[in-house]
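Peer 1: Let's see this in three dimensions:
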Amino acid sequence: MLVGAVLLYHLSGAMLPTATGEVAVVCFFSLSGFLITFLLADEHRRHGTIRLGGFFRRRALRLAPALAALLAVWAVVALVFGHDTWISAVPGGGPGGRIGPLTVAETVGAAAAYVTNWLDALVQFNLWAGYSPLGHLWSLAVEEQFYIVWAPLVLLLMKTRRAGWWISALALGFLLEPALLYSQGTNRVYFGTDTRMSALLAGAAVAWWWRSGLLARWERSAATSLLGGISVLGLVVAGVGFRHPDVAWKWVGGMLLASVCGAGVVAYLANRPDHSPVARALSGCAMVWLGRRSYAVYLWGYVFNTWFRSLGAACPPLTLVCTLAVADASYRWVEQPARAWARRRPRTRAATPPPTPAPAGRPAPPEAVVPAPALATVGAEGAR
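Peer 2: As a prediction, the model looks like this:
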């Protein structure tokens with residue numbers, strides 16, 4: 001659903017009254033922070049530790065194959081048609097321009113190393129030889145950088161009695177980053193990993209408190225519905241704020257409000273019982289189909305929108321058809337085989353230690369705490 005909102009935003013350009021793309025990205029970061037923290041905490045509960053090597057291997061096998069396929073196809077097309085302006089036309093922006101082999105190499109290298117966001121954030125240092133038409137991969141770079149830092153940190157926090165409070169304090173602290181850095185320019189605030197940590201850590205805090213049972217107590221209460229309604233309203237206001245001409249409101253107030261309300265929506269979805277209307281709507285066949293292919297939709301949607309932008313009114317339907325078709329092919333013939341290979345790959349494992357008992361003064365977490373199925377199809381397939 002979130003990936004669909006971003007795709008809609010790119011197809012519509014700046015015609016929508018609210019910045020659905022910016023809001024959807026913030027919500028995705030919150031959802032990703034929730035799911036990754038939940039998975040890490042659950043592994044620690046089951047095994048008494050977090051196998052960092054296994055975690056990073058699963059992340060690589062989940063993200064790298066589809067990304068490699070995209071980069072290979074795009075590089076070939078860019079090298080053949082780099083003299084044509086359509087190859088780099090920005091969705092909702094300028095007509096694009098010619099790109100040479102150096103820009104192709106920089107684009108592919110930055111994407112493969114998951115540093116695209118910093119080359120955009122530090123644009124004033126002229127790190128690029130030219131514009132990158134794969135600029136949408138900045139958010140994937142933020143995600144990967146978060147994984148690298150967050151997994152070891154969660155392992156350390158698990159050794160303390162105040163992990164939830166530490167995570168919450170980190171989230172609140174990073175909420176101040178946009179206010180401190182927006183004077184350095186829009187790109188620095190929009191693309192920086194540190195300025196996006198507030199949404200990721202807000203989702204992580206929700207995962208911790210929900211897993212501890214604190215938020216789960218509200219599962220059937222009116223407070224959960226009220227939280228969801230207020231959060232959605234806040235996201236609408238934030239979307240309008242992202243359109244505001246004032247830089248301070250746009251990149252400080254808008255991002256702050258979206259980060260907080262995005263975490264509120266995640267908390268609402270996590271507490272929805274299986275039989276709720278929200279769970280039924282998000283668990284339908286179409287949503288499940290799209291959710292499983294959401295990572296490939298994210299990868300290819302922006303690219304097709306770039307290539308077809310010069311076609312005018314034919315661009316949106318053609319982009320949609322090609323994106324869904326290629327996303328389905330990527331899921332069937334790239335992502336699924338990679339997962340199957342990972343399951344078949346023999347590997348020796350040390351004996352699993354018993355689960356670590358809960359520290360004194362803190363109740364042990366439930367044996368099986370699973371988020372509501374509504375979260376599985378919102379658009380964070382890439383986080384699993």
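Peer 1: Give the buried residues for stretch 46-54.
Peer 2: 47, 50-51 (16 or more other Cβ atoms under 10 Å). Backbone N, C-alpha and C define where each C-beta goes, glycine included.
Peer 1: Let me fix that, I meant to ask about stretch 146-156.
Peer 2: 146-147, 150-151, 153-155.
Peer 1: Likewise for stretch 294-311?
Peer 2: If you call a residue buried by 16+ other Cβ under 10 Å, then stretch 294-311 has these buried ones: 294-309.
Peer 1: same question, stretch 72-82
Peer 2: 74-75, 78, 82.
Peer 1: if we can go back for a sec, and of the buried residues of stretch 294-311, the nearest to residue 331?
Peer 2: Lowest distance from residue 331 to the buried residues of stretch 294-311 (Cβ to Cβ) belongs to residue 296, with 5.7 Å.
Peer 1: Sketch out the low-pLDDT regions of this structure for me.
Peer 2: 1-20, 88-97, 123-133, 214-221, 241, 243-248, 250-251, 272-282, 345-384 (pLDDT under 70).
Peer 1: where do the strands sit along this protein?
Peer 2: Using DSSP state E, the chain contains no strands.
Peer 1: which helix is the longest one in it?
Peer 2: Counting residues, the longest helix found in the chain (DSSP state H) is helix 52-81.
Peer 1: Which strands and helices lie in contact with that one?
Peer 2: Helices and strands touching helix 52-81, as assessed by 3 or more Cβ pairs under 8 Å, 6 or more residues apart in numbering; DSSP states H and E, comprise helix 101-112, helix 138-157, helix 294-308, helix 315-330, helix 336-344.
Peer 1: what's the closest of the ones you listed to residue 192?
Peer 2: Evaluated over these, closeness to residue 192 peaks at helix 138-157, with 8.4 Å, by Cβ to Cβ.
Peer 1: For the closest residue to residue 71 other than its chain neighbours, list the residues it contacts.
Peer 2: Distances taken as Cβ to Cβ, 6 or more residues apart in numbering put residue 108 closest to residue 71, at 5.0 Å, once the chain neighbours are dropped. By Cβ atoms under 8 Å, 6 or more residues apart in numbering, the residues touching residue 108 are 71, 74-75.
Peer 1: Columns distance to residue 230 on top of those, output as a markdown table?
Peer 2: Listed next are those as a markdown table, based on distance: Cβ to Cβ, whole Å:
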| residue | distance to residue 230 |
| --- | --- |
| 71 | 41 |
| 74 | 41 |
| 75 | 46 |
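Peer 1: Looking at the residues you listed, spot the one nearest residue 224.
Peer 2: Each of those was checked against residue 224 using Cβ to Cβ; the closest is residue 71, at 41.9 Å.
Peer 1: sorry, back to before: farthest-separated two in the buried residues of stretch 146-156?
Peer 2: Maximum pairwise distance in the buried residues of stretch 146-156, criterion Cβ to Cβ, is 14.8 Å, between 146 and 155.
Peer 1: Compare the helices and strands packed on helix 52-81 and give me the one nearest residue 32.
Peer 2: Closest of the helices and strands packed on helix 52-81 to residue 32 is helix 138-157, at 6.0 Å (criterion: Cβ to Cβ).
Peer 1: about what we covered before: would a markdown table of the buried residues of stretch 72-82 with distance to residue 223 be doable?
Peer 2: Formatted as a markdown table, those follow (distance: Cβ to Cβ, whole Å):
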| residue | distance to residue 223 |
| --- | --- |
| 74 | 47 |
| 75 | 51 |
| 78 | 52 |
| 82 | 56 |
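Peer 1: Please tell me how far the nearest residue to residue 55 once chain neighbours are set aside sits from residue 158.
Peer 2: Among residues not flanking residue 55 along the chain, residue 151 sits closest, at 5.3 Å (Cβ to Cβ, 6+ apart). Per Cβ to Cβ, to the nearest Å, residue 151 is found 11 Å from residue 158.
Peer 1: Can you pull the residues that touch both of these two?
Peer 2: Counting by Cβ under 8 Å, 6+ apart, the contacts common to residue 151 and residue 158 are residue 50.
Peer 1: which residues sit in contact with residue 171?
Peer 2: Residue 171 is in contact with 197-198, 201-202, 204-205, 263, counting by Cβ under 8 Å, 6+ apart.
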